[in-house]
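Asker: Have a look; sequence and predicted model below, questions after that.
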Amino acid sequence: SLLGTDPRSASSRRQVQGSGTSEMESIATTFTYGLSFLAVVLVITLVHELGHYLVARWCGVRIEAFSIGFGRELAGWTSRSGTRFKLCLLPLGGYVKMFGEEDRLRDGAVIRPLTRAERAQSFFHRSIGQRAAIVIAGPFINIAFGALAIAMIFWMQGVLVNSLVIGTVVEDSPSEVAGL
């Protein structure tokens, strides 16, 4: 059809246009998987950073910030201990900002050594064992959390085990000789 009046082309256009429900299903599925992915990343990040935070506090290090996400702060509060807890715009990670991560402190444009009181709360002035424990706590608690999650799934769902049942035994076969 030179003029584009072929009825087959019109029906094929209707079929493509009529596939809107599958496009909507695809968008909904993508949105659902995207939200699920973000939820898993947020939980893993929270558990990881909580490991660093708890061990650092246990070792006497002052925590300046506990953040889930990066970028602009969406919500937050400051605890009595002075830690700023916050949820940020880009939820693909997080951090724990510890006081005294270096042996010097920047006050505006001035860099000065830490005072005795500040060294008592400083990450840099903890023993090598305490610093190692703080650093390792994040990955360690992730592994422990994963093992606990898998154990809970197995405990709640169980493990599917196929039982072996012999239907028939072929005559004069090793199975029959063995008494099966």
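Answerer: All right, it came through fine. Bear in mind the structure is a predicted one, so any value in this text is a computation, not a measurement.

Asker: What helices and strands are in contact with the longest helix seen in the chain?
Answerer: Criterion DSSP state H: the longest helix present in the chain is helix 20-58. Contacts defined by 3 or more C-beta pairs under 8 Å, 6 or more residues apart in numbering; DSSP states H and E place helix 20-58 against strand 63-78, strand 84-98, helix 128-157. The way it works is simple: take the backbone N, C-alpha and C, and place the C-beta from them, glycine included.

Asker: looking at these, which is buried most?
Answerer: Ranked by mean neighbour count, the helices and strands packed on helix 20-58 are led by strand 84-98 with a mean of 16 (mean count of other C-beta atoms under 10 Å).

Asker: And for that strand, what's in contact with it?
Answerer: Residues outside strand 84-98 that contact it (C-beta atoms under 8 Å, 6 or more residues apart in numbering): 38, 41-42, 45-46, 48-49, 52-53, 56, 61-79, 123, 134.

Asker: Extract the residue ranges of the chain that are flagged as low pLDDT.
Answerer: The chain contains residues with pLDDT under 70 at 1-21.

Asker: Please export the C-alpha coordinates of stretch 28-41 as CSV.
Answerer: Presented in CSV, the C-alpha positions along stretch 28-41 are these (Å, rounded to 0.1, in the frame of the first residue of the first chain):
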residue,chain,number,x,y,z
ALA,A,28,5.3,-1.5,38.8
THR,A,29,7.7,-4.5,38.9
THR,A,30,10.8,-2.2,38.4
PHE,A,31,9.5,0.1,41.1
THR,A,32,8.9,-2.8,43.5
TYR,A,33,12.3,-4.3,42.9
GLY,A,34,13.9,-0.9,43.2
LEU,A,35,12.3,-0.2,46.6
SER,A,36,13.2,-3.7,47.8
PHE,A,37,16.8,-3.1,46.8
LEU,A,38,16.9,0.2,48.6
ALA,A,39,15.4,-1.4,51.7
VAL,A,40,18.0,-4.2,51.8
VAL,A,41,20.8,-1.6,51.2
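
Asker: Give me the neighbour count for residue 52.
Answerer: 24 (other C-beta atoms under 10 Å).

Asker: In this structure it contacts residue 134, no?
Answerer: Yes: shown here, residue 52 and residue 134 form a contact pair, counting by C-beta atoms under 8 Å, at 6.1 Å.

Asker: tell me the SS of the nearest residue to residue 60 once chain neighbours are set aside?
Answerer: Excluding its sequence neighbours, the residue lying closest to residue 60 (C-beta to C-beta, 6 or more residues apart in numbering) is residue 121, at 6.6 Å. What DSSP: H, G, I helix; E, B strand; the rest coil gives for residue 121 is coil.
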